[in-house]
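Novice: dropping a prediction and its sequence here:
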Amino acid sequence: MDAATARLLRAPETLALIDGLPPYDAIEPLSFGSRLRAQGLDGALVAAVLTQAELRLKARAKLGDFAAGMLFTREGLEQATRLSVAARHARRYAEAGCTRVADLTSGLGVDAMALAALGMPVVAFELDEATALLADHNLRHWDDAVVVHADSMTTVRGVDGVDAAFADPARRTGRGRRHDPRDYSPALDEVLALRDALPALGVKVGPGIPHDAIPASTPASPVEAQWVSVDGDVVEAGLWCGPLARHEGHAALVIRGDESHELVGDPVPGEAGTLGEYLYEPDGAVIRAGLVGPLADRTDARLVDPTIAYLTSDAETATPFARGYRVLEAMPYSTSRLAKALRERGVGRVEIKKRGIDVTPERLRPQLKLRGPESATVVLTRLAGRHTALLVEPLDR
């Protein structure tokens, strides 16, 4: 989006037009657009308005009712923090006693909104002019939230009163995601260099960040690396420095509905052992944080294989950090052997999970030629280095 389009979207008459549209999922965009153009509206304006209606609908999954009245770009919405997670970010700053926060890469302003909602003044920097204009609209309800169209890396040190900073570097280009922190925009090392001036620094990073890219804690600047999952999906990782670090080391925050649980520890490997009566699939945040070993210790479990993130135990254990299954049958893996076992059980529908074995569930499923009224869960993995198929039953069935 260019700045001219952003200004057009901010015009009162355009906002009124967007607000007056039916829900995007209740219209047929092509015919509805034709009707608007027949009323004399410019084609470019119609396209921009319908795009905002579409993005507001998509944004509800992340932002709930706040999506209504906001303006978006596709790229900005893709990277925007879920509002429930942004609220947790904001509480860190409030609990650390921060008084004015610089959002170094504000994007559409979601994290700045969460900070401002807790009464913290925010200076929201955005390098792209069009995005800055949209962020200014989205932050219009908070007088202490100021949007600055500038490069924060060259200007933030000179802003009066700022005692904390948050950054969400861009991790996507036209060719896809940037996995190397050196390729973030701005680069992760460049952002972390601000710790000398702003010790209370938080950085949102990709969940796949290599552990060796995480800065080490020091007595003067502790660092907490936290991975976050929401309803089973790993949505982000965050590096929290100085007074924002609640503890040193790694953490996995698991959010399901209104509940949240946090596992804290050092990323140390666990011990492997024989398959027990129960199998546990750790949450993705636990796996990304490298805390499968500590979870095994906490639940009196063991790994099924030194290189596989499945746990097993001889007793049922309730934990919010893993999904549990009762093991019904284990067999050396082959397509014919698995198909025979499922056929004998009358299985016509199967959920296939796999880890540590080169199998594509979508290709395997038709090869099994399933028939029958029953459903089953199959786990394909390695046990003691051998490819194995497990028939399991979810404990939460």
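Specialist: It's in.

Novice: and the gap between residue 55 and residue 205?
Specialist: Using Cβ to Cβ, to the nearest Å, residue 55 is found at 25 Å from residue 205. To be clear about C-beta, it is placed using only N, CA and C from the backbone, and glycine gets the same treatment.

Novice: no, scratch that, I was asking about residue 328
Specialist: According to Cβ to Cβ, residue 328 and residue 205 sit 40 Å apart.

Novice: my guess is residue 159 meets residue 101, correct?
Specialist: No: using Cβ atoms under 8 Å, residue 159 is not in contact with residue 101; the gap is 10.7 Å.

Novice: identify the contacts common to these two.
Specialist: Shared contacts of residue 159 and residue 101, defined by Cβ atoms under 8 Å, 6 or more residues apart in numbering, are found at residue 123.

Novice: out of these two, which sits in the busier spot?
Specialist: residue 101 (29 against 16; other Cβ atoms under 10 Å).

Novice: break down the stretch 151-300 of the chain into its helices, ranges please.
Specialist: Taking DSSP state H, counting those that start in this stretch to define them, one finds helices in the stretch 151-300 of the chain at 152-155, 188-192, 284-288, 292-299.

Novice: how about the strands of the stretch 1-150 of the chain, start to end?
Specialist: With DSSP state E, counting those that start in this stretch as the criterion, the stretch 1-150 of the chain has strands at 101-103, 122-125, 145-148.

Novice: low-confidence ranges in this protein?
Specialist: 172-179, 397 (pLDDT under 70).

Novice: so which residue is smack in the middle of it?
Specialist: Against the mean C-alpha coordinate of the chain, by Cα atoms, centre = their mean, the closest residue is residue 235 at 1.0 Å.

Novice: contacts only, for that residue.
Specialist: 82, 85, 207, 228, 229.

Novice: which residue ranges form the strands in the stretch 251-397 of the chain?
Specialist: 259-265, 278-282, 302-305, 308-313, 322-332, 347-354, 374-383, 386-394.

Novice: identify all contacting residues around the fourth one.
Specialist: To tie it back to what came earlier, the one meant is strand 308-313. With contact meaning Cβ under 8 Å, 6+ apart, strand 308-313 is reached by 270, 273-282, 287, 292, 295-296, 299-304, 322, 327, 355-356, 379, 381-382.

Novice: from the chain's centroid, how far away is that strand?
Specialist: 24 Å (Cα atoms, centre = their mean, to the nearest Å).

Novice: and the fifth one, by the same measure?
Specialist: Taking Cα atoms, centre = their mean, one finds the center of strand 322-332 at 28 Å from the center of the full chain.

Novice: got it, and stretch 245-264?
Specialist: That offset, for stretch 245-264, works out to 14 Å (Cα atoms, centre = their mean).

Novice: next one: stretch 196-207
Specialist: 17 Å.

Novice: again, but for stretch 95-110
Specialist: Its chain's C-alpha centre and that of stretch 95-110 lie 19 Å apart, by Cα atoms, centre = their mean.

Novice: just to revisit the earlier point, what about the contacts of residue 235, which one has the most neighbours?
Specialist: residue 228 (29 neighbours).

Novice: surely that one touches residue 85?
Specialist: Yes: look at residue 228 against residue 85 with Cβ under 8 Å: they come within range, at 5.9 Å.

Novice: can you mark which positions in stretch 107-127 are buried?
Specialist: 107-117, 120-127 (16 or more other Cβ atoms under 10 Å).

Novice: I should have written stretch 349-359 there, sorry.
Specialist: 350, 352, 353, 354, 355, 356.

Novice: ok, now stretch 272-284?
Specialist: 272, 273, 275, 276, 278, 279, 280, 281, 282, 283, 284.

Novice: just how off-centre is that stretch within its chain?
Specialist: With Cα atoms, centre = their mean, you get 25 Å for stretch 272-284.

Novice: what sits against residue 147?
Specialist: 106, 109, 124, 126, 132, 135, 136, 139.

Novice: setting aside sequence neighbours, what's the nearest residue to residue 147?
Specialist: Of all residues not flanking residue 147 in the chain, residue 136 sits nearest, at 4.2 Å (Cβ to Cβ, 6 or more residues apart in numbering).

Novice: now residue 326
Specialist: Nearest one to residue 326, counting by Cβ to Cβ, 6+ apart, is residue 393 at 4.7 Å.

Novice: isn't that neighbour up against residue 379?
Specialist: No: using Cβ under 8 Å, residue 393 makes no contact with residue 379, being 11.0 Å away.

Novice: looking at these two, which is more packed in?
Specialist: Between residue 393 and residue 379, counted using other Cβ under 10 Å, the more crowded position is residue 379 (22 against 13).

Novice: for the more buried one, name its beta-bridge partners.
Specialist: For residue 379, the beta-bridge partners are residue 353, residue 390 (DSSP bridges).

Novice: give me the distance between it and residue 353.
Specialist: For residue 379 relative to residue 353 (Cβ to Cβ), the value is 5 Å.

Novice: give me the common contacts of those two.
Specialist: residue 281.

Novice: CA atoms of the helix ranked longest in the chain as PDB?
Specialist: Using DSSP state H, we find that the single longest helix of the chain is helix 43-63. C-alpha atoms of helix 43-63 as PDB (Å, rounded to 0.1, in the frame of the first residue of the first chain):
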ATOM      1  CA  GLY A  43     -12.600   1.500  -9.000                       C
ATOM      2  CA  ALA A  44      -9.400   1.900  -6.900                       C
ATOM      3  CA  LEU A  45     -11.500   3.200  -4.000                       C
ATOM      4  CA  VAL A  46     -13.900   0.200  -4.200                       C
ATOM      5  CA  ALA A  47     -10.900  -2.200  -4.300                       C
ATOM      6  CA  ALA A  48      -9.300  -0.600  -1.200                       C
ATOM      7  CA  VAL A  49     -12.600  -0.500   0.700                       C
ATOM      8  CA  LEU A  50     -13.400  -4.200   0.000                       C
ATOM      9  CA  THR A  51      -9.800  -5.100   1.000                       C
ATOM     10  CA  GLN A  52     -10.300  -3.400   4.400                       C
ATOM     11  CA  ALA A  53     -13.600  -5.300   4.900                       C
ATOM     12  CA  GLU A  54     -11.800  -8.600   4.100                       C
ATOM     13  CA  LEU A  55      -8.900  -7.800   6.400                       C
ATOM     14  CA  ARG A  56     -11.200  -6.700   9.300                       C
ATOM     15  CA  LEU A  57     -12.900 -10.100   9.100                       C
ATOM     16  CA  LYS A  58      -9.500 -11.900   9.100                       C
ATOM     17  CA  ALA A  59      -8.300  -9.700  12.000                       C
ATOM     18  CA  ARG A  60     -11.000 -10.800  14.300                       C
ATOM     19  CA  ALA A  61      -9.100 -14.100  15.000                       C
ATOM     20  CA  LYS A  62      -6.200 -12.100  16.400                       C
ATOM     21  CA  LEU A  63      -7.900  -8.900  17.600                       C
END
